[in-house]
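Undergrad: take this sequence and fold it.
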Amino acid sequence: MTHDLVSALRPLLTAEAAAEAHASGGDPRDLEQTVWLRLLERLESHGPPRAPEDWLRRAVRAESRRTRRTARREHPYATDPADPSTPTPEQRVLSTARHRALREAVARLPGRCPRLLQALLSPKDLTYREIAGELGISQGSLGPERSRCLGCLRRLLTPEVAPREARG
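TA: Numbering: from 1, shown residues only. Modelled structure (predicted):
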């Protein structure tokens, strides 16, 4: 009896679930699975429905409405951890440590280099003209000065970031 009922309802359930899931933005297979579960629960508690096709249509629509209501109320706690554009906590810590090390190294540079590189690293995104005005130097000498300061910074950071040689 149950096998005959399932066999008879399968094509109808597949069609109804596909139509309702498409309209609600859900997965038709999930909706089918849930309705099969509801049918099994119904068979255990009350026996087979009098009009199985009507019961099935009502069950599909009810489950689809319940899924839509649930989806409207659910809010993610955080961003998707699988999202590659979202940095992981470890990546944020490493990035913060790199920025701190860079700023500490810039502060140890000689002469005007700390002020020049801080201006270049500024989140204000200053132009060369603005940086030259702030430092009191000509705009034409800013490029060579920048190159000299970056060379000093590179030499200062090389021992800190250079890979260690294998021992033994």
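
Undergrad: for Pro49, what are its contacts?
TA: 42, 55 (C-beta atoms under 8 Å, 6 or more residues apart in numbering). Placement of C-beta: from N, CA and C, glycine included.

Undergrad: how about low-confidence regions in this structure?
TA: Within the chain, the ranges that satisfy pLDDT under 70 run 1, 76-83, 160-168.

Undergrad: how is it carved up into domains?
TA: Domain ranges of the chain: 2-72, 92-161, per automatic domain parsing.

Undergrad: can you list those in CSV and add distance to Pro84?
TA: Shown next, in CSV, are the domains of the chain (distance: least, C-beta to C-beta, whole Å):
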stretch, distance to Pro84
domain 2-72, 24
domain 92-161, 14
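
Undergrad: so where does Leu117 fall, helix or strand?
TA: Per DSSP states H and E, Leu117 falls inside helix 113-121.

Undergrad: list the buried residues in the helix or strand just after that helix.
TA: Beyond helix 113-121 on the C-terminal side, the first helix or strand identified by DSSP H and E is helix 128-135. For helix 128-135, burial by neighbour count (16 or more other C-beta atoms under 10 Å) applies to 131-132.

Undergrad: for stretch 136-150, same thing?
TA: Under the neighbour-count criterion of 16+ other C-beta under 10 Å, stretch 136-150 has 142, 145-146, 148-149 buried.

Undergrad: what's next to that stretch, contact-wise?
TA: Outside stretch 136-150, the residues touching it (C-beta under 8 Å, 6+ apart) are 109, 112-113, 116-117, 120, 128-129, 131-132, 135.

Undergrad: and the furthest pair within those residues?
TA: Across the contacts of stretch 136-150, the longest distance by C-beta to C-beta is 22.7 Å; it joins Leu109 and Arg129.

Undergrad: reformat the contacts of stretch 136-150 as TSV; add distance to Thr14.
TA: Output for these, formatted as TSV (distance: C-beta to C-beta, whole Å):
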residue	distance to Thr14
Leu109	71
Arg112	75
Cys113	71
Leu116	70
Leu117	66
Leu120	63
Tyr128	67
Arg129	69
Ile131	68
Ala132	72
Leu135	73
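
Undergrad: out of these, which is nearest to Glu32?
TA: Closest to Glu32, out of all of those and judged by C-beta to C-beta, is Leu120, at 60.2 Å.

Undergrad: look up how far Thr2 lies from the closest one.
TA: 75 Å (C-beta to C-beta, to the nearest Å).
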